[in-house]
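S.K.: with the sequence up front, the predicted model follows.
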Protein chains: 2
Amino acid sequence: MSSRYRARFINSLSGYKSVNLIGTQNLDGQSNLAIFSSVVHLGASPALIGFIMRPDNGSRHTLENITQSQHYTINQVCADFYQAAHQTSARYPEHESEFDTCNLSEHYIDGFNAPFVQESRLKYAVKLQEIMPIAINNTQLIIGEIVHVICQGSAIQADGYIDIESLDTVTASGLDSYHTSQRLARLAYAKPDVASTALKLDATAVKAEFSRGVNEA
Amino acid sequence: MSSRYRARFINSLSGYKSVNLIGTQNLDGQSNLAIFSSVVHLGASPALIGFIMRPDNGSRHTLENITQSQHYTINQVCADFYQAAHQTSARYPEHESEFDTCNLSEHYIDGFNAPFVQESRLKYAVKLQEIMPIAINNTQLIIGEIVHVICQGSAIQADGYIDIESLDTVTASGLDSYHTSQRLARLAYAKPDVASTALKLDATAVKAEFSRGVNEA
């Protein structure tokens, strides 16, 4: 098995991945933007988010900038700019900003030293908390706290769920495949001896006959 | 902000998540099955996969069993059994197997002490490598090595990419929303000064006019 084949195969096993652009800048104000498919929810209270930094990743500038500024932004990638987002993975020299080379727009908020992606419809500011080495394969888990969220208001449901499908957020599989989504349903909190119950987008119940398959034997 | 609202909101920020069932058994052969949305690719060589274990998760049996047997299976959730998969998150007592209560079928291979989900069309055997405590919020990163893969052959492309969309693998957003996917494109490995290039599913190039948006300024 060639190493390229192996990389594509193993990368497909985890299932669908989040697709996010991480925005940073160094102490001279030089901005950087890099695509990551390993952003993972760590906890809601405190609001913690993680991502995996690989030693062979072209985006070491991202980690250098985070270490310098302690700040970064995470920006969901939407269908109308996924090709530009993918292009940020090319190995540009440090003095070139991927915002410029990939035609994406920088957006800043007061008091936060990292650029947002203007085109993203759900993005947030993150303060570095910890860099955890994963010794077994020389990667790192970068842990940060979410301190400010910018989101198109129409997507936020009354119960707090954000309808990222309405934002055209994309998902990825393997190393290079991008996908939009189609909702099957929201499902109610599962309880023993109660059949699976579908909810409408706003979290109200839909008709009972939707439920099937569980505890029906 | 209520804690439920906050949990739904913060859980929506990371983007689309993988949806996997983790199968385990204890030393008495009692099986357990639990749904996780935090499975993340860590590396291809060695083939390492991680997932986050929360302290308040109903699935502590999963970790107890992994600690005992050192073995577990990860099974991609497909659209035809996503409701049964969600139902495994109900807090069943330890002596009840979620395979039984949720109408999913156990499948075993020789020499591996954990059950696969028969209904899953992409699944793999994992040997525990490390349990890394994440002190900041009392969670754990469980790291394992992929030792055996079971996949419907038709989904595996010549270059190693697995077409998980053809397997009806689902993705999740927030705490409770499930989605199928629709491919936008595979994109060629990005290089500086070369516009983003779409590939067909089998990784051959499609017509050049598909490319747009990058480096066109």
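M.R.: Right, received. Where do you want to start?
S.K.: what about A:Leu27, how many neighbours?
M.R.: Using other C-beta atoms under 10 Å in any protein chain shown, A:Leu27 is surrounded by 9 other residues. Heads up, the C-betas are built off the backbone N, CA and C, glycines and all.
S.K.: which SSE is the residue lying closest to it once chain neighbours are set aside in?
M.R.: If the residues on either side of it in the chain are set aside, A:Leu27 comes closest to A:Gln68, at 5.2 Å by C-beta to C-beta, 6 or more residues apart in numbering or on different chains. A:Gln68 belongs to helix A:60-69 when assigned by DSSP states H and E.
S.K.: quick check: the most centrally placed residue in chain A vs A:Arg186, distance?
M.R.: The C-alpha lying nearest the average C-alpha coordinate of chain A belongs to A:Asn20 (C-alpha atoms, centre = their mean; 3.8 Å). Note on A:Asn20: its distance to A:Arg186, by C-beta to C-beta, to the nearest Å, is 22 Å.
S.K.: if we can go back for a sec, run a quick neighbour tally on the residue nearest to A:Leu27.
M.R.: Neighbourhood size, A:Gln68 [other C-beta under 10 Å]: 14.
S.K.: for A:Asp159, same thing?
M.R.: Neighbours around A:Asp159, by other C-beta under 10 Å: 18.
S.K.: so stretch A:75-82, near chain B or not?
M.R.: Yes: shown here: stretch A:75-82 in contact with chain B (C-beta under 8 Å from any C-beta of the partner chain) through A:76-77, A:79, A:81-82.
S.K.: should've said stretch A:33-47
M.R.: Yes: residues of stretch A:33-47 contacting chain B under C-beta under 8 Å from any C-beta: A:37-47.
S.K.: show me which of those residues are buried.
M.R.: Buried residues within these, counting neighbours by 16 or more other C-beta atoms under 10 Å in any protein chain shown: A:37-44, A:47.
S.K.: now, among those, which is nearest to A:Asn103?
M.R.: Nearest to A:Asn103 out of these is A:Ser37 (C-beta to C-beta; 21.0 Å).
S.K.: quick one: the helices in chain A, in order.
M.R.: A:3-11, A:60-69, A:82-87, A:98-101 (DSSP state H).
S.K.: quick revisit: please name the bridge partners of the residue nearest to the centre of chain A.
M.R.: Bridge pairing for A:Asn20 (DSSP bridges) gives the partners A:Phe36, A:Gln76.
S.K.: so it touches A:Tyr72, yeah?
M.R.: No: using C-beta atoms under 8 Å, A:Asn20 is not in contact with A:Tyr72, being 10.6 Å away.
S.K.: pLDDT added to the buried ones among the residues of stretch A:33-47 next to chain B, as a markdown table?
M.R.: Formatted as a markdown table, those follow (pLDDT from 0 to 100):
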| residue | pLDDT |
| --- | --- |
| A:Ser37 | 98 |
| A:Ser38 | 98 |
| A:Val39 | 98 |
| A:Val40 | 98 |
| A:His41 | 98 |
| A:Leu42 | 98 |
| A:Gly43 | 97 |
| A:Ala44 | 97 |
| A:Ala47 | 98 |
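S.K.: just the strands in chain A please.
M.R.: A:17-18, A:20-25, A:31-36, A:40-44, A:47-53, A:71-76, A:106-107, A:116-117, A:122-134, A:139-151, A:171-173, A:177-187, A:198-199 (DSSP state E).
S.K.: looking at those, which one has the lowest mean pLDDT?
M.R.: Mean pLDDT is lowest for strand A:198-199 among those, at a mean of 92.
S.K.: dump stretch A:105-120 to CSV, restricted to CA.
M.R.: Only the C-alpha atoms of stretch A:105-120 are listed here, as CSV (Å, rounded to 0.1, in the frame of the first residue of the first chain):
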residue,chain,number,x,y,z
SER,A,105,-11.6,38.9,3.2
GLU,A,106,-10.2,39.7,6.6
HIS,A,107,-12.5,41.0,9.3
TYR,A,108,-11.4,42.2,12.7
ILE,A,109,-13.1,43.0,16.0
ASP,A,110,-11.8,45.3,18.7
GLY,A,111,-9.4,43.8,21.2
PHE,A,112,-8.8,40.6,19.4
ASN,A,113,-5.6,39.9,17.6
ALA,A,114,-6.7,37.5,14.9
PRO,A,115,-8.6,37.9,11.6
PHE,A,116,-12.0,36.5,10.9
VAL,A,117,-13.1,35.3,7.5
GLN,A,118,-15.7,37.9,6.3
GLU,A,119,-17.3,35.3,4.0
SER,A,120,-18.0,32.8,6.8
